[in-house]
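Novice: A structural model of the following input is requested.
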Amino acid sequence: MRALLVYPRYPDTFWSFKYALSFVRRKAAFPPLGLLTVAAMLPADWELKVVDLNVESLEDAQLEWAELVFISAMVVQKDSALEVMARCNALGRKIVAGGPLFTHLHAELDQADHIIAGEAEEVLPQFLADLAAGQAKRLYKCEHHPSLALTPLPRWDLINLKNYRSMALQFSRGCPFDCDFCDVVVLFGRKPRFKTADQVLAELDSLHALGWRGTLMVVDDNFIGNKVRAKELLRAMIAWQEDRHFPFAFLTQASVNLADDPELLRLMASANFNEVFLGLETPSSSALAECNKRQNQGRDLVAAVKTIQSYGIEVMAGFIVGFDADSPSIFMDQVRFITQAAIPTAMVGLLSLLPGTRLYEKMRQQERLLDLPSGDNAMDARALNFIPKMGAERLLEGYRALLERLYEPREYYRRAVTYLRRSGKELKRSASRQWRLSRADLAAMVRIFWRLGIRERHRLSYWGFLARVGFTRPTKIPVALALAATGYHFRKITSRFGASLPEPAEAANRS
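Specialist: Predicted coordinates for the structure are as follows:
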């Protein structure tokens, strides 16, 4: 069998980092980890090719070569997935589709011949057996959550690693928390499941052997869903890193109770975790109660962020506006909170309802649903797929003002300076773990200097930012330049979002 595995294109979003990637000459932030893992589950005698539309185009000759086309996608990739399926249908190519998009919306996406809904480890072998027997069904649905001991090493050999800014691995699936708006529990359950430390180290070995050096994202929805297991893995990762002189810097996602565990923070810092994404959502206690974000309730969130930052770990965070409990003051409340917490990478999104979540069902019963989700709740007006209590017009206008304020250069650089002054006060990293600047790093720095320090109209704010960092934290200049590049991306995306908002009358009519 000749199988073509296609990863649809992401739109230009907050998380695409398109404009920041231009400085480092990389085409995409992350590789298609799920698709490469599926490739490793296919029969050894099949011929496989991978096309990631985020780094290359899909040619008709590639589709004509294939006997079977596999597509894996998240909801945000829906438009591109539809385009790929239309081309496959026109050429008479059979489609096997999976991932969150097809798990959530398989009833609406009839262009695919076969759908793997849910996790693939146990369902995909059944499909392959039926395919070989000429009896393949349209829908294969995973009814429970399989052991990750069944998950193979991804087929990294099928892509060009140089196209990507970061590599990726997965340690666990599932989250012990159950926020009303989140579909993680719907997809992966509340009881976290784990790969063994040996499995994770084997993935590190494979990437190291292929020559990868730099950033690696642990893509778990909550890396610390089980702190005991996380600590066991971290101790093994520290030993692995020390033996190889720290070739990787890690980032991941976690819940805010990370701040409660000094041992866990020390282990993450010692393993060279430099960044963590937290779902902080809102400074409003009533909104946190409304969405069942119990792990954030009753705590000083600013203090929690400061604690994590003090270990040299940058906090990136997600925020949401549009809860029923939100008043018109929420927009400035968010700005004040993000400023106090000194979070440069703050993703503020509109509340978006995902199928299968409790909030989706609540709004459906209240007849407040409007559309299927766009999949991108940050800077995409289509994310507003329900009738908000404060009214669509007021919500969208407040959201626009919030984004403009948050990513105005002086506001952004002020947060970045505060973060860099806090960073690493409690834990000094050993000299062996300091990054050595490569020629590619130096070339990226020159491009950043040229674009932000000379060509951009906000160049005075940029030079003021570098001067403040140079006087207070001179060793943090490389990090400061990376933050400046990220801020540039956010400004570009924000400016495009403002122009894409619906007219006030249209927003009011939707409500």
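
Novice: the residue lying closest to Ala342 once chain neighbours are set aside: neighbouring residues, count only.
Specialist: Using Cβ to Cβ, 6 or more residues apart in numbering and skipping the chain neighbours, the partner closest in space to Ala342 is Thr418 (3.8 Å). Where you see a C-beta, it was placed from the backbone N, CA and C, and this is true even at glycine. Per other Cβ atoms under 10 Å, the neighbour tally for Thr418 reads 19.

Novice: Phe386 too?
Specialist: Close neighbours of Phe386, defined as other Cβ under 10 Å, add up to 25.

Novice: still on that earlier bit, and the residue nearest to Ala342, how far is that from Phe273?
Specialist: Distance of Thr418 to Phe273, given as Cβ to Cβ, to the nearest Å: 21 Å.

Novice: tell me what the longest helix along the chain is packed against?
Specialist: Counting residues, the longest helix found in the chain (DSSP state H) is helix 477-500. Applying 3 or more Cβ pairs under 8 Å, 6 or more residues apart in numbering; DSSP states H and E, one finds that helix 477-500 contacts helix 18-24, helix 392-406, helix 409-422, helix 439-450, helix 459-472.

Novice: mind doing that once more with 6 Å?
Specialist: On a contact count with 3 or more Cβ pairs under 6 Å, 6 or more residues apart in numbering; DSSP states H and E, helix 477-500 meets helix 18-24, helix 439-450.

Novice: to Asp221, which of the ones you listed lies closest?
Specialist: Nearest to Asp221, of all the helices and strands packed on helix 477-500, is helix 18-24, at 23.6 Å by Cβ to Cβ.

Novice: what's the closest non-adjacent residue to Ala236?
Specialist: Ala197 (4.2 Å).

Novice: mind pulling the model confidence for that neighbour?
Specialist: Here the pLDDT value assigned to Ala197 is 97.

Novice: about what we covered before: please tell me how far the residue nearest to Ala342 sits from Ile343.
Specialist: Distance from Thr418 to Ile343, by Cβ to Cβ: 9 Å.

Novice: picking up where we left off before, burial measure for the residue nearest to Ala236, as a count.
Specialist: So Ala197, with other Cβ under 10 Å, has 17 neighbours.

Novice: before we move on, what about Val315?
Specialist: Using other Cβ under 10 Å, Val315 is surrounded by 28 other residues.

Novice: helix, strand, or coil at it?
Specialist: Using DSSP: H, G, I helix; E, B strand; the rest coil, the structure places Val315 in strand.

Novice: for it, what are its contacts?
Specialist: Residues near Val315 by Cβ atoms under 6 Å, 6 or more residues apart in numbering: 278, 305, 308-309, 343.

Novice: make it 7 Å
Specialist: 276, 278, 305, 308-309, 343 (Cβ atoms under 7 Å, 6 or more residues apart in numbering).

Novice: circling back: wait, isn't the residue nearest to Ala236 in contact with Met237?
Specialist: No. Counting by Cβ atoms under 7 Å, Ala197 stays clear of Met237, with 8.1 Å between them.

Novice: any low-confidence regions in the stretch 101-250 of the chain?
Specialist: Counting by pLDDT under 70, the stretch 101-250 of the chain has no low-confidence residues at all.

Novice: residues in contact with the longest helix of the chain: which ones?
Specialist: For helix 477-500, the external contacting residues (Cβ under 7 Å, 6+ apart) are 12, 14, 17-20, 23, 344-345, 379, 381, 400, 403-404, 407, 412, 416, 420, 435, 437, 445, 448, 452, 462, 465-466, 469-470.

Novice: same deal with stretch 196-204?
Specialist: By Cβ under 7 Å, 6+ apart, the residues outside stretch 196-204 that reach it are 149, 153, 169, 171, 232-233, 236, 240.

Novice: how about stretch 45-55?
Specialist: Here stretch 45-55 has contacts from 1-10, 27-28, 32, 35, 39, 42, 58, 62, 80, 158-159, 163, using Cβ under 7 Å, 6+ apart.

Novice: tell me which residues of it come out buried.
Specialist: Burial within stretch 45-55, assessed by neighbour count using 16 or more other Cβ atoms under 10 Å, is assigned to 48, 50-55.

Novice: which stretches of the stretch 51-200 of the chain form strands?
Specialist: With strands called from DSSP state E, counting those that start in this stretch, the stretch 51-200 of the chain shows them at 68-72, 94-98, 114-117, 139-141, 167-169, 172-173, 193-194.

Novice: okay, the third one in PDB with CA atoms only?
Specialist: Taking only C-alpha atoms (Å, rounded to 0.1, in the frame of the first residue of the first chain), the coordinates of strand 114-117 have been written out as PDB:
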ATOM      1  CA  HIS A 114     -13.100   6.200   6.900                       C
ATOM      2  CA  ILE A 115     -12.900   8.000  10.200                       C
ATOM      3  CA  ILE A 116     -10.900   7.100  13.300                       C
ATOM      4  CA  ALA A 117     -12.600   8.900  16.100                       C
END
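
Novice: so which elements touch it?
Specialist: strand 94-98, helix 100-105, helix 123-132, strand 139-141 (3 or more Cβ pairs under 7 Å, 6 or more residues apart in numbering; DSSP states H and E).

Novice: direction included, what does that strand pair up with?
Specialist: strand 94-98 (parallel), strand 139-141 (parallel) (DSSP bridges).

Novice: now these in TSV, with distance to Arg87?
Specialist: Shown next, in TSV, are the strands paired with strand 114-117 (distance: least, Cβ to Cβ, whole Å):
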stretch	distance to Arg87
strand 94-98	10
strand 139-141	22
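
Novice: mean neighbour count, those strands: which tops it?
Specialist: Highest mean neighbour count among the strands paired with strand 114-117 (mean count of other Cβ atoms under 10 Å): strand 94-98, with a mean of 23.

Novice: now do that one and helix 123-132, the angle between them.
Specialist: 170 degrees (axes from the mean of the first three to the mean of the last three Cα atoms, to 10 degrees).

Novice: and strand 94-98, how far out from the chain middle?
Specialist: 24 Å (Cα atoms, centre = their mean, to the nearest Å).

Novice: is it true that Leu5 touches Ala66?
Specialist: No. With contact defined as Cβ under 7 Å, Leu5 does not count as touching Ala66 (9.2 Å).

Novice: for Ser147, give its distance to Glu119.
Specialist: Going from Ser147 to Glu119 by Cβ to Cβ gives 10 Å.

Novice: go ahead and confirm Leu354 touches Leu372.
Specialist: No. In this structure Leu354 lies outside contact range of Leu372 using Cβ under 7 Å: 9.4 Å.

Novice: the two: who's more crowded?
Specialist: Higher neighbour count among Leu354 and Leu372: Leu354, with 21 against 16, using other Cβ under 10 Å.

Novice: leaving out chain neighbours, which residue sits closest to that one?
Specialist: Excluding the flanking residues, the one nearest Leu354 by Cβ to Cβ, 6+ apart is Asp183, at 4.3 Å.
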